Each structure stands twice: as C-alpha cells, then as structure tokens.
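> test case, fold it:
(2 chains)
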Amino acid sequence: MTGPRVVEDEQSVPIGSNDDVVRARQTVRTYAQQRGLSLVDQTKLVTAASELARNTLVYGGGGVMRCAAVRNGTRVGVQAVFEDSGPGIPDLDLALTDGWTSGGGLGLGLSGARRLVDEFELHSEPGSGTTVSVTKWAR
Amino acid sequence: MSDRVPVLKLGQVLLVSIQVDLEDQIVLDLQDDLAERIVATGATGVVIDITALEIVDSFVGRMLANTAAISRMLDAETVVVGMRPAVAITLVELGLSLGGVRTALTLEKGLALLERDRTARTGRP
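Numbers count the residues shown, from 1 in each chain, chains lettered A, B, ... in the order given. Coordinates of the predicted model:
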C-alpha cells in the first residue's frame, strides 16, 4: 500500500564551500544508516548527494541541501533536496546527457546521480536557480 | 587549507593511503603532489590505498584516472588498491569504470603487481 509521502526529521545543510560538500554527504550517510538502507544503497545515495552538492556549489554558486526521512505507506527512505539561486539550466535534456558538461567536469554529475537513486526530480528556471530532489527507498 | 594527504616512499614505490573523506581541494593537491614526488624520487610505481573510502564520486574517480595517466607519462605505474565492493558497484552505475586505472584487491597484491612490472621492464628482479 502506498499513501501520501510523509517527510520527517528534516535537516538543512548550507552549501557554500568544499567543506560543506563533505558535510552534506556525511549528513546523508547518517540518515541512510538510520533508515536501514543497505550498504550498497547507502553508497549510491551518498555518491549521488556528493555529485549534486558539488553542482550546487560549482554551478549554482552555493545553496542549501535539505535532507529528510520519508515514509510512503510502509516504505521508508531518505530524500535530499538541493537548491540554489544560480543561473539555472537552459537545456535540461542536454544537462542530463552523459558526458555533457558546461564546466570542467566529466559530465556525469546529474546523469550519474539520476541512475543511482530511485526517484529524481529536476526543476530549473534560467535566471532563478535549480532544485534537484532525490529519494532512495530502503528495500 | 593546509591539510595534505601524506605520500610515503617505500623503495621504488610511492604509497598513499587515503584515510578520511576528502574535500575537493585536497584531492587536487594530492594529484599535483604525486606528480612532483614521482619526478623528485624517480619512483617507478604509485599505490593509492582507498580501503577507508566509503564513496568514490566522479571527482575522486577523475583524480584516480588523471593520476594514472600522469604517472604513466612520468614513467611510473599506478595501482589503486582496496576498493570496497559497494564503491565498485556505484562507480560503474555512475558511468565511471576507470578503464585506464589498474587495481588490486589489497596493498600486498598491488605491490606485487608493481614488482612484477618492474622485473619485466628491467629484466632483473
């Protein structure tokens, strides 16, 4: 049975420096451990969070991550939302293409992060920022 | 910003053991330090031990690939040792299979691999 998603125990981590990227992934790891995600799923979610936190810093000019526990019926999981007020992404399809990069990276950040999680939502308005939300459910 | 990952010299091999969750600047510094130390010491091998790393994202993955390529140009071979199974699974799914990076399961096996290489290259043990 699935019901409406319940979001609990939310915690915000500002992302304004490389140190904050480390803090963001440590926060996500703690949530993933507490919610009983398997070791592989923890690793996938924390890796995705690391990619997205770096994007928030490098391309968004900094922002915030909000990490929370989620419940949907009997399922439990972890959600992480990355928000910036940067320039936004003009072409979402292009930004989600493997190997495409607007910076100096490998172009695997967004597309790779999407593959590592169960749910992935991306909203971006050129000029007013980007929000990426990811969820991983415990199995 | 003064934090650096120590680079140890063991015979002809430079040994790096990454023990903490690294921020990006320290990762970049390590890549540069290794290139300089290879030339300064004439090392023929580099071993990067990532046993303690709980994740390897595309940034660290790129550092490993770059270090392997840079060291090869400087006549040294790089071996990454101690990758956790969950890290390997995640890297492949992320899209980074690190094709140019040699790996060994343990430090001991990594050192043996470099030793075999060196014997093959120089024709003597």
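> can you tell me how far the residue most central in space within chain B is from A:A49?
The centre of chain B sits closest to B:I48, judged by Cα atoms, centre = their mean, with a distance of 3.2 Å. Using Cβ to Cβ, to the nearest Å, B:I48 is found at 23 Å from A:A49. (Glycine included, C-beta is placed from N, CA and C.)
> and the helix or strand bottoming out on mean pLDDT in chain B, what does it pack onto?
One helix or strand of chain B scores below all others by mean pLDDT, DSSP states H and E: helix B:107-122, with a mean of 91. For helix B:107-122, the helices and strands in contact under the criterion 3 or more Cβ pairs under 8 Å, 6 or more residues apart in numbering or on different chains; DSSP states H and E are strand B:13-17, strand B:45-49, strand B:77-81, strand B:102-104.
> mind putting the ones you listed into a markdown table with distance to A:A138 and mean pLDDT?
Formatted as a markdown table, those follow (distance: least, Cβ to Cβ, whole Å; pLDDT from 0 to 100):
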| stretch | distance to A:A138 | mean pLDDT |
| --- | --- | --- |
| strand B:13-17 | 32 | 97 |
| strand B:45-49 | 31 | 97 |
| strand B:77-81 | 30 | 97 |
| strand B:102-104 | 30 | 97 |
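> could you dump those to TSV with distance to B:L28?
As requested, those are exported to TSV (distance: least, Cβ to Cβ, whole Å):
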stretch	distance to B:L28
strand B:13-17	14
strand B:45-49	14
strand B:77-81	16
strand B:102-104	22
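> would you reformat the ones you listed as CSV and include distance to chain A?
Formatted as CSV, the helices and strands packed on helix B:107-122 follow (distance: least, Cβ to the nearest Cβ, whole Å):
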stretch, distance to chain A
strand B:13-17, 18
strand B:45-49, 18
strand B:77-81, 17
strand B:102-104, 17
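> what comes up buried for the least confident helix or strand of chain B?
B:L107, B:G110, B:L111, B:L113, B:L114, B:E115, B:R118 (16 or more other Cβ atoms under 10 Å in any protein chain shown).
> could you pull out the helices for chain A?
According to DSSP state H, chain A carries its helices in the segments A:18-34, A:39-58, A:92-95, A:109-116.
> which stretch among these is buried most, on average?
Stretch with highest mean neighbour count among these: helix A:39-58 (a mean of 26; mean count of other Cβ atoms under 10 Å in any protein chain shown).
> and chain B, which of its residues are near chain A?
B:21-25, B:54-59, B:61-62, B:84-87, B:89-90, B:93-96 (Cβ under 8 Å from any Cβ of the partner chain).
> list buried members of those residues by neighbour count.
Buried by 16+ other Cβ under 10 Å: B:21-24, B:54-59, B:61-62, B:84, B:86-87, B:90, B:93-96, out of these.
> from the contact counts, what lies against the least confident helix or strand in chain A by mean pLDDT?
Across the helices and strands of chain A, mean confidence by mean pLDDT, DSSP H and E is lowest for helix A:92-95: a mean of 80. Contacting helix A:92-95 under the criterion 3+ Cβ pairs under 8 Å, 6+ apart is no other helix or strand.
> how far out from the middle of the chain is that helix?
17 Å (Cα atoms, centre = their mean, to the nearest Å).
> burial count for B:G123?
6 (other Cβ atoms under 10 Å in any protein chain shown).
> distance of it relative to A:A68?
B:G123 is 61 Å from A:A68, by Cβ to Cβ.
> for chain A, which residues are neighbours of chain B?
A:18-19, A:21-22, A:25-26, A:29, A:39-40, A:42-44, A:46-47, A:50-51, A:54, A:98, A:105-106, A:108-109, A:111-113, A:115-116.
> try 6 Å
Counting by Cβ under 6 Å from any Cβ of the partner chain, the residues of chain A close to chain B are A:18-19, A:22, A:39-40, A:43-44, A:46-47, A:50-51, A:98, A:106, A:108, A:112, A:115-116.
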